[in-house]
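1. quick check, what structure comes out for this input:
(chains A and B)
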Amino acid sequence: MNTGAPDKPSLEGLEQKWAAEWDQLGTFAFDRSATRDDVFSIDTPPPTVSGSLHMGHIFSYTHTDTIARYQRMTGKTVFYPMGWDDNGLPTERRVQNYFAVRCDPSLPYEEGFEPPARESLGPDGKKVKRQVSISRPNFIELCDELVALDEKVFEDLWRSLGLSVDWSLLYATIDERSRRASQRAFLRNLARGEAYQQEAPSLWDVTFQTAVAQAELTDKDMPGAYHKLRFSLPNGEDLLIDTTRPELLPACVAVVAHPDDERYTEFKGQTITTPVFDVEVPMVFHELADPEKGTGVAMICTFGDTTDVTWWRELNLPARAVIGRNGRFVEDAPEVMTPEAAERYGRMAGKTVFSGKEEIVTLLQESDALIGDIRPITHPVKFFEKGDKPLEIVTSRQWYIRNGGRERDLGEALIARGDEMQWHPPYMQSRYTNWVDGLNGDWLVSRQRFFGVPIPLWYELDESGEPRYDAPLSPDESLLPIDPSTDVPEGYTAEQRGVPGGFMADPDIMDTWATSSLTPQIAGKWEDDPDLFERVYPYDMRPQGHDIIRTWLFSTAVRSHFEEDAAPWRHACLSGWILDPDRKKMSKSVGNVVTPSGLLEQFGSDAVRYWAASGRPGTDTAFDEGQMKVGRRLAIKLLNASKFAMGMGDLRSALDAPVTEPLDQAMLARLALLTDDCTKAFDEFDYARALERTEMFFWAFTDDYIELVKNRAYGSRGEEAAASAHAALARALDTLLRLFAPFIPFATEEVWSWWREGSVHTSGWPDAGTLRASSGDADPGLLAVAGETLTELRRTKTEAKRSLRTEIVQATVTDTDDRIAQLNHVAADVAEAGVVGNLSTVGGGAALSVDAELAPEEA
RNA sequence: GGACCGUUAGCUCAGCUGGCUAGAGCGCUCGCCUCACACGCGAGAGGUCACAAGUUCAAGUCUUGUACGGUCCA
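-> As a prediction, this is how the structure comes out:
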């Protein structure tokens, strides 16, 4: 543009101005003709659109953007996509409330469906409470509609933050491309034997009525209570057992003690009778029984916790499930019970776990089988991370993908994949390794929900209408994505759905991670555009939060391992949390969330980015408006200092002029060192270090160097000396704008436009070698010596409470011989900046000291 | 219970492979309208580097232990 600097430079409006310009010129467009070596590809985390963006997003996405901009400036074409995560529970709930609908996969697709509400309001403007059931394809259509709205808000915010993404690469995790990738990967897992189904006990959320995976668990401390129960030995004696879950007594299939526990080994092979229900169960032994816990004997129930599952499986015990999928006691008593016992059980049937516990206590008391008091304790209980009721364990048919949890070789291969990546910071790798190492089962990928990517399978129905699970019908890949609830398998007609001899759809959907784990494939248009995929995969970088190493990072590694026999990225970059000023993790529930758009408005995007970029990789960082003020100051300073430098001469024509003055050469030599530092830091993904170094140099540059050369630049010592200053200023400004560009893209672009062509963001990363050559290999130390001497001269004025314009008639600088030798090269500049009439230097001193005589104060 | 991270000025943090007198910003104190910037400029005060032991000529930095804080997993 080359407009020259305005009279009053300002940050106001730069975001809108440059975001529009970049968009129009395609400044950040990915060049797909580039070969893999010239590409820097980023596996961007797709934010959940049904939520709102918070400071954590601003923080971590800024980190990624600084890296993207750096890589772009080094000459790479950057594959920087954005995705919206609209697959999963949060979106399901938001679509339900917004449109007043509910997904029911058994319903047929309805063309031109109009939802009863928008923004929860009906056509009459009243809130619609009653939800209408609709088919899954209809539900997905509404999701698309809602996401389009949410997406607009997100995209606007990302643009105003200055993320340099190529918006033409946008995807959504429920869109057709994602569903196709997700189903294709699943079918290939199935074909290669990496996916399998099994009827097995699995963790079950009674609220959401779905199975959940190990990675989605969280422990919560909950109040519980020990109940001491009286069981009976064959000789009529009592066997006392402590339990926190007495309500599972009807599901008791054995009692267990440790094999070395001599108190109980004598009962080996004997039969124990349960209280209340009088069921005979075997006494068994297993190492997981803890002799220290309670009486050392535990009842094994199907199923109270995962240890019960282990015992049940390893000891070959029968199953007597009493808790149903709705979290209530089933109607029918276990078959082993006598009619009298079954009648007692009947008092629990249909009750929740909570009420069942109250009932069993009454039953135990009636049988005089509850010994002593109930002892309250607090103990960890497993929850689904999004749920608010404890998980139960329910036996059901589920799909699994192997993840090394049951096969040592696979687990080790996946751990080894971690070694193929560089982790930033490096210690994050141990979290990955620990997680894989601690897995105790495969990845449960099926979910009994309605909204999501369907498992793309059907089952034949035999003559009696029973499904044949062992031979699922799968679609041809070319037909994907499909919805088995509306599509029909090859060789069948729609009329055969649900009919004996016909077929039925697999009713389940896949875990959201089963789709998210394919973001490298989805963004890179795997199989849809193999040429593109080849240019971006494996990716250079996966940025993400450290809290989802066990889910997103690990599941992506699993998929890539199976599908590409490779690690999905070369660098895994983990960002930290944003903490509020009290060092608590910021969250909506605490009510301390500040809206990002408000802050961008208040401080300016460059300022907010400055704060974000000062948070080192992986480090939790306090939310700090003070840092944003500092960032704002920096951006404003950059505008003003640039304007000032440009006012000293024609910098554009001075860019290639020779630099002859020692101070100018020293400054450029110092700048070359800075460039080396920043390049190294960025190559190690340490954007914060690059920023810190650049900022440090910049303030010394404006406070000292510009002050030192301004008189000379205005011509106080002749044309040649002035020309040297102009040349050095031009090079310095040029370099600083580039070094700052990844962090404060708007202010740097603004200044760039005053005197240069094109965009600073595609101008190339500064080259230390060129700078060093123009410095004539000068001693960079001269700059520091000059600056420190200037500080001493200023101090004499400050201490005398005089203005800095005050003339020093005579000053004597004493310092070590070495430093005086350096100072003598730049003494003329120092004298001018300090307004010193007569400056003399004396060597042989121990340290820097200044003796100055100030001009007398005017009356 | 295990793993990992952290503890440096009132606050937020640098300090990389051990090396002159431990740095920055904010805040604080004092001063200055100096031809870009008062959204500014200059100067100053402020630290037993959590604690203990060890290695070394030399430790904020390496080793071990302890305490406290945090995170992840049991």
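2. residue ranges with poor pLDDT in chain A?
-> A:1-3, A:580-594, A:858-859 (pLDDT under 70).
3. per the record, what domains does it have?
-> A:31-192+A:514-575, A:193-207+A:392-513, A:222-384, A:621-854 (automatic domain parsing).
4. so does the second one get close to RNA strand B?
-> Read it as domain A:193-207+A:392-513. Yes: looking at domain A:193-207+A:392-513 against RNA strand B by C-beta under 7 Å from any atom of the strand, the contacts come from A:427, A:430-431, A:434-435, A:438. Yep, even glycine has a C-beta here, placed from its N, CA and C like the rest.
5. buried ones among these?
-> A:431, A:435 (16 or more other C-beta atoms under 10 Å).
6. and the furthest pair within the residues of domain A:193-207+A:392-513 next to RNA strand B?
-> Farthest-apart pair in those is A:427 and A:438; separation 17.2 Å (C-beta to C-beta).
7. nearest residue to residue A:16 other than its sequence neighbours?
-> Among residues not flanking residue A:16 along the chain, residue A:160 sits closest, at 7.5 Å (C-beta to C-beta, 6 or more residues apart in numbering).
8. residues near the one you found, how many?
-> Residues contacting residue A:160 under the criterion other C-beta atoms under 10 Å number 19.
9. report the contact partners of it.
-> By C-beta atoms under 8 Å, 6 or more residues apart in numbering, residue A:160 lies in contact with A:15-16, A:19, A:597, A:600, A:605.
10. cool, and residue A:767?
-> residue A:675.
11. recalculate using a threshold of 7 Å.
-> Residues near residue A:767 by C-beta atoms under 7 Å, 6 or more residues apart in numbering: none.
12. next: residue A:473.
-> A:457-460, A:489, A:503.
13. what does residue A:492 give?
-> A:502-503 are the contacts of residue A:492 under C-beta under 7 Å, 6+ apart.
14. can you name the helix or strand that residue A:396 falls in?
-> Following DSSP states H and E, one finds residue A:396 within strand A:392-401.
15. buried ones in the longest helix anywhere in chain A?
-> Determined from DSSP state H, the single longest helix within chain A is helix A:136-161. Residues of helix A:136-161 classed as buried: A:136-144, A:146-147, A:150-151, A:154-155, A:157-161 (neighbour count, 16+ other C-beta under 10 Å).
16. now do stretch A:680-697
-> Quick answer for stretch A:680-697 (16+ other C-beta under 10 Å): A:681-682, A:685-695, A:697.
17. from those residues, which is closest to RNA strand B?
-> The shortest approach to RNA strand B among the buried residues of stretch A:680-697 belongs to residue A:692, at 5.5 Å (C-beta to the nearest atom of the strand).
18. all strands for the stretch 151-300 of chain A, in order.
-> A:171-172, A:195-205, A:210-211, A:217-232, A:238-243, A:252-257, A:271-273, A:280-285, A:297-301 (DSSP state E, counting those that start in this stretch).
19. looking at those, which is buried most?
-> strand A:210-211 (a mean of 27; mean count of other C-beta atoms under 10 Å).
20. show me how far that strand is from its chain's centre.
-> 25 Å (C-alpha atoms, centre = their mean, to the nearest Å).
21. packing partners of that strand?
-> Contact partners of strand A:210-211 among helices and strands, from 3 or more C-beta pairs under 7 Å, 6 or more residues apart in numbering; DSSP states H and E: strand A:195-205, strand A:446-447.
22. would you turn these into JSON lines with distance to residue A:40?
-> Converted to JSON lines, these look like this (distance: least, C-beta to C-beta, whole Å):
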{"stretch": "strand A:195-205", "distance to residue A:40": "33"}
{"stretch": "strand A:446-447", "distance to residue A:40": "35"}
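23. in contact with residue A:43, which residues?
-> So residue A:43 contacts A:519-520, A:523, A:539, A:541-542, A:568-569 (C-beta under 7 Å, 6+ apart).
24. can you tell me which of the residues you listed has the most neighbours?
-> residue A:523 (29 neighbours).
25. that one is in contact with residue A:171, isn't it?
-> Yes: judged on C-beta atoms under 7 Å, residue A:523 makes contact with residue A:171 at a distance of 6.0 Å.
26. okay, and the common contacts of these two?
-> With C-beta under 7 Å, 6+ apart, residue A:523 and residue A:171 have common neighbours A:81, A:83.
27. neighbours around the closest residue to residue A:129 other than its chain neighbours, how many?
-> Leaving aside its chain neighbours, residue A:129 sits nearest to residue A:100 (7.4 Å; criterion: C-beta to C-beta, 6+ apart). For residue A:100, the count of nearby residues is 20 (other C-beta under 10 Å).
28. quick one on the thing from earlier: quick check, nearest of the contacts of residue A:43 to RNA strand B?
-> residue A:542 (17.6 Å).
29. surely the closest one is within a strand?
-> Yes: counting by DSSP: H, G, I helix; E, B strand; the rest coil, residue A:542 is located in a strand.
30. report the separation between it and residue A:45.
-> Taking C-beta to C-beta, to the nearest Å as the measure, residue A:542 falls 8 Å from residue A:45.
31. quick check: which helices or strands does the helix or strand containing residue A:562 pack against?
-> In this assignment (DSSP H and E), residue A:562 forms part of helix A:554-564. Secondary-structure packing of helix A:554-564 (3+ C-beta pairs under 7 Å, 6+ apart): helix A:176-191, helix A:408-419, helix A:428-437, helix A:519-523.
32. got a list of contacts for the helix or strand following the last one?
-> Under the assignment DSSP H and E, the closest C-terminal helix or strand after helix A:519-523 is helix A:530-536. Counting by C-beta under 7 Å, 6+ apart, helix A:530-536 makes contact with A:32, A:34-36, A:39, A:41, A:79, A:524-526, all of which sit outside it.
33. residue A:193: which of the residues you listed is nearest?
-> Among the contacts of helix A:530-536, and counting by C-beta to C-beta, the member closest to residue A:193 is residue A:526, at 21.0 Å.
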